[in-house]
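no FASTA, just this:
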């Protein structure tokens, strides 16, 4: 990760501010649209279809669990770009397949820690959320596992807690607005096609309520597949930025380049 | 960009992300002003005729957002949100925008906003190679990022006069400019680096500097780097 080829993205050669992180995420998204949407879709579309097939609680349970691992897709794409490799769906998923169990378990540990923290009067939950917000990136980019991934995230965030907190809020806000727009648009489209429309909120029959759940799931899945990569890329760039700031890997690479 | 005098000027284009944040900040500013004017209207309603208040409120709510964007971009090249995000609006040639450009890009803003929340403008900017929304294309403008001014470099570590004289006597040649830049970068970012990274990098850079500059006896890596930058950087 330290060595940057000539073809590597120049913006990854220096620490970034909030604007550069967001611009970088959108720029990478635009240039790798098919790969990123494809990499997200390969995971999320089958999971959504499986959830619909199983029905019941699976509709509400399976897709969110699958979404837990998507930040790693952005991290692997950024890791490729940093060394001048053009990301591919195959390249990303061959590595995702290797780290998937560890990644899922690490994210579940993170979720558990944040959940416990939230139960302790919310504030500890926010504290833990920011500390461990980059655990998935630690698994994907540096092969940390489980608690060591959480520790790696915490060490990177240490001293920059408020900055990371602010950046995460802004990323969430921008991506959340875009995601809601897409979701609303898809729901309106499905409604126009007669899927999930005409559901009475006050007294839904079981059939129409089920249809409404399915249309909401489809809209959420399409929205996550289309907009989710931006959030994943921005978080990965934040991880990259924190490494540069803490470890000065770009400075070491600049000295090596003098040889 | 190339100016009319055919001078090439390089700017970083402000992307969709930073512009979205600037836009959010601008709407916070506009909302605060509008809410403030609502409160003033409520207070004034005790003495001013109702028809006048309603007319003023319609003008305020309709014209204020447009006026804010138009005047701020025309007079200063940036709104408050853009200033915070260090974004400036320029013509495609790199010159400051005038009233005409500001008027056009802010009239077309209404179309960019469709169907809601700048969805159309956002998608167009995402596809555009220069992140231009429809208003930018119509007005011939681009939003660019203004680089942060270089931060202050920490004071150099103390070096004795004897050391300086000794080093001067032993020195042959100077530190190459690129290496001096690296030292400056290292010193300006020292505060964010971990202790371990500071030591590793100082040692690595000092070893490189020693190829060009003799290290005065007893000088640590940090002192040597500060000395090298002060002497030749």
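Structure's in. What do you need? Worth saying up front: this structure is predicted, and the values here are computed from it rather than measured.

make it CA atoms for all contacts and neighbour counts henceforth
Noted.

Which residues does the helix or strand of chain A with the lowest mean pLDDT contact?
Per-element confidence for chain A was summarised using mean pLDDT, DSSP states H and E. The lowest value among helices and strands belongs to helix A:58-67, with a mean of 82. Identification of contacts with helix A:58-67 by CA atoms under 8 Å, 6 or more residues apart in numbering or on different chains yields A:43, A:44, A:47, A:48, A:51, A:52, A:213, A:214, A:217, A:221.

Cross these against helices and list the overlap.
When DSSP state H defines the helices, the subset of the contacts of helix A:58-67 inside them is A:43, A:44, A:47, A:48, A:51, A:52, A:213, A:214, A:217, A:221.

Pick out the most distant pair among these.
A:43 and A:213 (19.9 Å; CA to CA).

I figured residue A:126 was touching residue A:116, is that so?
No: no contact is recorded between residue A:126 and residue A:116 when judged using CA atoms under 8 Å, the distance being 10.7 Å.

how distant is the host helix or strand of residue A:190 from the center of its chain?
Using DSSP states H and E, residue A:190 sits in helix A:161-192. Relative to its chain's centre, helix A:161-192 lies at 12 Å (CA atoms, centre = their mean, to the nearest Å).

Any regions of chain A where pLDDT drops low?
When residues are selected by pLDDT under 70, those of chain A lie in A:1-11, A:196-207.

can you check chain B too?
In the prediction, chain B carries residues with pLDDT under 70 at positions B:1-9, B:149-174, B:231-233.

Quick one: the helices in it, in order.
For chain B, the helices defined by DSSP H cover B:16-44, B:50-76, B:80-84, B:99-107, B:109-112, B:119-127, B:134-139, B:161-170, B:177-188, B:195-209, B:221-232.

can you list those helices in a markdown table and add distance to residue A:183 and mean neighbour count?
Formatted as a markdown table, the entries for the helices of chain B read as follows, by distance: least, CA to CA, whole Å; neighbours: other CA atoms under 10 Å in any protein chain shown:
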| stretch | distance to residue A:183 | mean neighbour count |
| --- | --- | --- |
| helix B:16-44 | 19 | 17 |
| helix B:50-76 | 28 | 15 |
| helix B:80-84 | 27 | 19 |
| helix B:99-107 | 28 | 19 |
| helix B:109-112 | 19 | 19 |
| helix B:119-127 | 12 | 19 |
| helix B:134-139 | 24 | 21 |
| helix B:161-170 | 67 | 13 |
| helix B:177-188 | 45 | 18 |
| helix B:195-209 | 45 | 18 |
| helix B:221-232 | 55 | 20 |
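
In a markdown table, list these along with distance to chain A.
Listed next are the helices of chain B as a markdown table, based on distance: least, CA to the nearest CA, whole Å:
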| stretch | distance to chain A |
| --- | --- |
| helix B:16-44 | 4 |
| helix B:50-76 | 19 |
| helix B:80-84 | 10 |
| helix B:99-107 | 21 |
| helix B:109-112 | 14 |
| helix B:119-127 | 7 |
| helix B:134-139 | 17 |
| helix B:161-170 | 23 |
| helix B:177-188 | 7 |
| helix B:195-209 | 5 |
| helix B:221-232 | 14 |
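
mind putting these in TSV, distance to residue A:36 included?
Converted to TSV, those look like this (distance: least, CA to CA, whole Å):
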stretch	distance to residue A:36
helix B:16-44	17
helix B:50-76	35
helix B:80-84	29
helix B:99-107	32
helix B:109-112	26
helix B:119-127	15
helix B:134-139	26
helix B:161-170	56
helix B:177-188	34
helix B:195-209	33
helix B:221-232	44
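
residues in contact with the residue minimising distance to the centre of chain B?
The central residue of chain B, meaning the one whose C-alpha is nearest the mean C-alpha position (CA atoms, centre = their mean), is residue B:86 at 3.0 Å. Remark: with contacts taken as CA under 8 Å, 6+ apart, residue B:86 is in contact with B:145, B:146, B:147, B:148.

Pick the one among those residues closest to residue B:207.
Within the set of these, residue B:148 lies nearest residue B:207; the separation is 30.5 Å, counting by CA to CA.

Could you report the neighbour count for the closest one?
Look at residue B:148: counted by other CA atoms under 10 Å in any protein chain shown, it has 8 neighbours.

Neighbours of the closest residue to chain B within the stretch 101-250 of chain A, how many?
Of the stretch 101-250 of chain A, the residue with the smallest distance to chain B, taken as CA to the nearest CA, is residue A:246 at 4.2 Å. For residue A:246, the count of nearby residues is 25 (other CA under 10 Å).

which one is it nearest to, not counting chain neighbours?
Ranked by CA to CA, 6 or more residues apart in numbering or on different chains and with sequence neighbours excluded, the top spatial neighbour of residue A:246 is residue B:193, at 4.2 Å.

Next one: that neighbour from residue A:61, what distance?
Separation of residue B:193 from residue A:61 (CA to CA, to the nearest Å) stands at 41 Å.

Comparing the two, which shows the higher neighbour count?
A count of neighbours by other CA under 10 Å puts residue B:193 above the other of residue B:193 and residue A:61, at 19 against 11.

Quick check on the more buried one: phi, psi?
For residue B:193, the backbone dihedrals (degrees, to the nearest 10) come out as phi -80, psi 150.

contacting residues around it?
Counting by CA under 8 Å, 6+ apart, residue B:193 makes contact with A:245, A:246, A:247, A:248.

Contacts only, for residue B:205.
The contact partners of residue B:205, taken as CA under 8 Å, 6+ apart, are A:255, B:183, B:225.

so the first one makes contact with residue B:183?
No: with contact defined as CA under 8 Å, residue A:255 does not reach residue B:183; the gap is 9.7 Å.

chain center to the strand or helix carrying residue A:28, what's the gap?
Residue A:28 belongs to helix A:18-31 when assigned by DSSP H and E. For helix A:18-31, the distance between its averaged C-alpha position and the chain's averaged C-alpha position is 14 Å (CA atoms, centre = their mean).

counting contacts, what elements does that helix pack onto?
helix A:206-247, helix B:16-44, helix B:119-127 (3 or more CA pairs under 8 Å, 6 or more residues apart in numbering or on different chains; DSSP states H and E).

6 Å instead, please
Using 3 or more CA pairs under 6 Å, 6 or more residues apart in numbering or on different chains; DSSP states H and E as the contact definition, the elements that helix A:18-31 packs against are helix A:206-247, helix B:16-44.

what angle separates that helix from helix B:119-127?
Here helix A:18-31 runs at 80 degrees with respect to helix B:119-127, directions being taken by axes from the mean of the first three to the mean of the last three CA atoms, to 10 degrees.

what sits up against helix A:18-31?
Around helix A:18-31, the neighbours that count as contacts under CA atoms under 6 Å, 6 or more residues apart in numbering or on different chains are A:230, A:233, A:234, B:15, B:17, B:18.

Quick check: closest non-adjacent residue to residue A:115.
Counting by CA to CA, 6+ apart, the nearest residue to residue A:115 once its immediate chain neighbours are dropped is residue A:125, at 6.4 Å.

so the helix or strand containing that neighbour versus helix A:161-192, what angle?
Element membership of residue A:125 [criterion: DSSP H and E] is helix A:123-131. Our comparison of helix A:123-131 with helix A:161-192, counting by the same axes, to 10 degrees, yields an angle of 90 degrees.

Check which residues of helix A:123-131 are buried.
Residues A:124, A:125, A:126, A:127, A:128, A:129, A:130, A:131 are the ones in helix A:123-131 that count as buried (16 or more other CA atoms under 10 Å in any protein chain shown).

go on, stretch A:15-32?
For stretch A:15-32, using 16+ other CA under 10 Å, the buried residues are A:15-30, A:32.

same question, stretch A:175-188
Burial within stretch A:175-188, assessed by neighbour count using 16+ other CA under 10 Å, is assigned to A:175, A:176, A:178, A:179, A:180, A:181, A:182, A:183, A:186, A:187, A:188.
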